[in-house]
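*Asks:* dropping a prediction and its sequence here:
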Amino acid sequence: MAFGVSDELLSTFIPIVVYWIYSGVCVLFSSLEEYRLHPKGEEDTKNIVSKWTVVKGVLVQQAFQVAISLILFTVIDSGSEAAAESQPSLFVIAMQFLVAMFVVDTWQYFMHRYMHMNKFLYKHIHSKHHRLIVPYSYGALYNHPLEGLLLDTTGGALSFLISGMTPRTSIFFFSFATIKSINDHCGLWLPGNPLNMFFDNNSAYHDIHHQLYGNKYNFSQPFFVVWDRILGTYMPYSLEKRKEGGLEARIIKD
């Protein structure tokens, strides 16, 4: 408990606050054309959904996440005082992070891939997210509500339960996962960004997936690319400078 607020409530609401703060930081950097993966004007010319609609869609999904999170914490009945008395060691927390990352990646890969392969699900559910051909930060959670429930909320709940992390640990895990997801959609390649340096699954990698030629590749999210590599859906790319300025993720053809 911090400032009289339970760990459960902090775990529910802090990632949402992090979402809008980090998205805002990325928006500020998006004015730097030399670090963009697409010219800024393409956000309006290529995307088929308005930015205000995206904001409303994300708020709807976050409302669902809040409801499910509060229900989950109520069901498992993990009191904050008990959790505070039995916080695990840093080693255990690190292992829980790794387990949770693997669970999220596995769930997201297979569900995400199935939504692309099933024509009905893609047309009526997942295509909503792909209205953003040129992704930007606060569009990371712009999904159909059912997709948000199946991919993000359910995947997060499974990672929490299977890893055995405490509500306090989950504050940091879900905040980190939120930052990682935003980074993958921000459309930027900022020099020195550790999320792009240490994760193969990064903003350029996921940008490939949002293009028509990469629609059946690079399903992995948000952390690693293991399942794409194992199951043959990895599309290699190189990061090149555009003649007009900025950067571009280009596929490497055989």
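*Replies:* Good, I have the coordinates. All of these numbers come straight from a predicted model, not from anything done at the bench. Residues are numbered from 1 along each chain as shown.

*Asks:* quick one: name whatever helix or strand follows the helix or strand encompassing Leu161.
*Replies:* Using DSSP states H and E, Leu161 falls within helix 154-163. Sequence-wise, the next helix or strand downstream of helix 154-163 (DSSP H and E) is helix 167-185.

*Asks:* so Leu70 sits against Thr12, correct?
*Replies:* Yes - using Cβ atoms under 8 Å, Leu70 is in contact with Thr12, at 6.2 Å. No exception for glycine: its C-beta is placed from N, CA and C like everyone else's.

*Asks:* who has more neighbours out of these two?
*Replies:* Each of Leu70 and Thr12 has its neighbours counted (other Cβ atoms under 10 Å); Thr12 has more, 22 against 14.

*Asks:* and that one, how close does it get to Val60?
*Replies:* 16 Å (Cβ to Cβ, to the nearest Å).

*Asks:* next: Leu195.
*Replies:* From Leu195 to Val60 the distance is 26 Å (Cβ to Cβ).

*Asks:* more neighbours, these two?
*Replies:* Taking neighbours as other Cβ under 10 Å, Leu195 and Val60 compare with Leu195 leading, 19 against 16.

*Asks:* okay, and that one sits in which element?
*Replies:* Using DSSP H and E, Leu195 falls in helix 194-198.

*Asks:* remind me what that helix packs against, helices and strands.
*Replies:* The contact analysis (3 or more Cβ pairs under 8 Å, 6 or more residues apart in numbering; DSSP states H and E) places helix 194-198 against helix 167-185.

*Asks:* buried ones in the helix it packs on, by neighbour count?
*Replies:* 167-171, 173-185 (16 or more other Cβ atoms under 10 Å).

*Asks:* Lys243 - that's part of a strand, no?
*Replies:* No - using DSSP: H, G, I helix; E, B strand; the rest coil, the assignment for Lys243 is coil, not a strand.

*Asks:* how about the helices of the stretch 1-150 of the chain, start to end?
*Replies:* 7-29, 42-45, 51-76, 80-85, 90-117, 119-124, 145-147 (DSSP state H, counting those that start in this stretch).

*Asks:* contacts only, for the residue nearest to His126 when sequence neighbours are not counted.
*Replies:* Closest residue to His126 apart from its sequence neighbours, by Cβ to Cβ, 6 or more residues apart in numbering: Met115 at 4.0 Å. Counting by Cβ atoms under 8 Å, 6 or more residues apart in numbering, Met115 touches Leu121, Tyr122, Ile125, His126, Glu147, Leu151.

*Asks:* swap in Ser181?
*Replies:* Taking Cβ under 8 Å, 6+ apart, one finds Ala140, Leu141, Gln221, Pro222 in contact with Ser181.

*Asks:* ok so the last one is a helix residue?
*Replies:* No - read with three-state DSSP, Pro222 is coil and lies in no helix.

*Asks:* that one contacts Val104, doesn't it?
*Replies:* Yes - using Cβ under 8 Å, Pro222 makes contact with Val104 at a distance of 6.9 Å.

*Asks:* between those two, which contacts overlap?
*Replies:* With Cβ under 8 Å, 6+ apart as the test, Pro222 and Val104 both reach Ala177.

*Asks:* report how many residues lie close to the closest residue to Tyr109 other than its chain neighbours.
*Replies:* With sequence-adjacent residues excluded and distances taken as Cβ to Cβ, 6+ apart, Tyr109 is closest to Trp227, at 4.1 Å. Other residues near Trp227 number 19, with proximity taken as other Cβ under 10 Å.
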